[in-house]
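Novice: Curious how this folds, go ahead:
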Amino acid sequence: MDAVLEKTQAVVLHNISWNSYKQITDALQNETSAHFTFDRGILEIMVLSLKHENLKKILAMLFERLSEILEIEIFAAGSTTFQREDLERGFEPDECYYIQNAALMRGKESVDLGFDPPPDLTIEVDVKHSSLNRMSIFAAIGIPEIWRYDDKKLTIYLLEDNGYRESAESSALPKVKSSELTKLIETGKKAKHKEFLLKIEDYTKNLKG
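Specialist: Here you go, the predicted structure:
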């Protein structure tokens, strides 16, 4: 088992069996805020910075407020650990939501991808690039929509066949554009909480008009 320290915030472990990955995540996931990503024998453990966590909350607040104003029912699953043993892949999103499957998941206390659907949308804050190709993991598991923010702009990806294509608009939140989301995120970085919410409401007035 070889460990490589990547920069200052991520450790990558190689030649990890599925059982070892499960033992590590079962033992540590409630003891640390780190994210565990597993892809066919490679395990990345990433420690999350204050910047990352603040941006994650801004994006989550934005998505949840937009869905509320647009009267789209959601079920928030946060950073739930999702695992598929048959694919030998596992991950923890920054934030994720069930939308089409919100009613199906509501009330559940755990998720098993052997029976349950994957989330309908995940949010990725990519201020420190992962060593693993998380997008390929999302595609293999079948997540329909990804919102990915790289500290400069938000890009929407929609699942098509076995991969993702960029889209100017969200499928989960019709008419919501990535360019406008980027502007709102910039506002969220600087504005007070109430001011940010008012900006989101102003944007939705244009959507409904």
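
Novice: mean confidence for the lengthiest helix in the chain?
Specialist: Counting residues, the longest helix found in the chain (DSSP state H) is helix 50-69. In this model, helix 50-69 has an average pLDDT of 95.

Novice: Pull the distance from the very next helix or strand once past that helix to the chain's centre.
Specialist: As assigned by DSSP states H and E, the chain's next helix or strand after helix 50-69 is strand 75-76. For strand 75-76, the distance from its own C-alpha centre to the chain's C-alpha centre is 12 Å (Cα atoms, centre = their mean, to the nearest Å).

Novice: need the next SSE after strand 75-76, C-terminal direction.
Specialist: Using DSSP H and E, the next helix or strand after strand 75-76 towards the C-terminus is strand 82-84.

Novice: mind listing what's buried in the lengthiest strand in the chain?
Specialist: Under DSSP state E, the strand in the chain containing the largest number of residues is strand 154-160. Under the neighbour-count criterion of 16 or more other Cβ atoms under 10 Å, strand 154-160 has 154, 155, 156, 157, 159 buried. (C-beta placed from N, C-alpha, C; glycine too.)

Novice: Just to check, the fourth one is in contact with residue 148?
Specialist: Yes. Residue 157 sits in contact with residue 148 when judged by Cβ atoms under 8 Å, with a separation of 6.4 Å.

Novice: Between the two ends of stretch 183-202, how far is it?
Specialist: 13 Å (Cα to Cα, to the nearest Å).

Novice: ranges for the strands of the chain?
Specialist: 3-6, 10-13, 35-39, 42-46, 75-76, 82-84, 89-91, 95-98, 121-125, 145-149, 154-160, 163-167.

Novice: Which one of these lies nearest to residue 61?
Specialist: strand 95-98 (9.8 Å; Cβ to Cβ).

Novice: What pairs with that closest one, parallel or antiparallel?
Specialist: For strand 95-98, the paired strands and their directions (DSSP bridges) read strand 75-76 (antiparallel), strand 121-125 (antiparallel).

Novice: and among the ones you listed, the most buried is which?
Specialist: strand 121-125 (a mean of 24; mean count of other Cβ atoms under 10 Å).

Novice: any idea how far that one is from the chain center?
Specialist: 3 Å.

Novice: Taking their axis directions, it and helix 50-69 sit at what angle?
Specialist: Between the axis of strand 121-125 and that of helix 50-69 there is an angle of 150 degrees, by axes from the mean of the first three to the mean of the last three Cα atoms, to 10 degrees.
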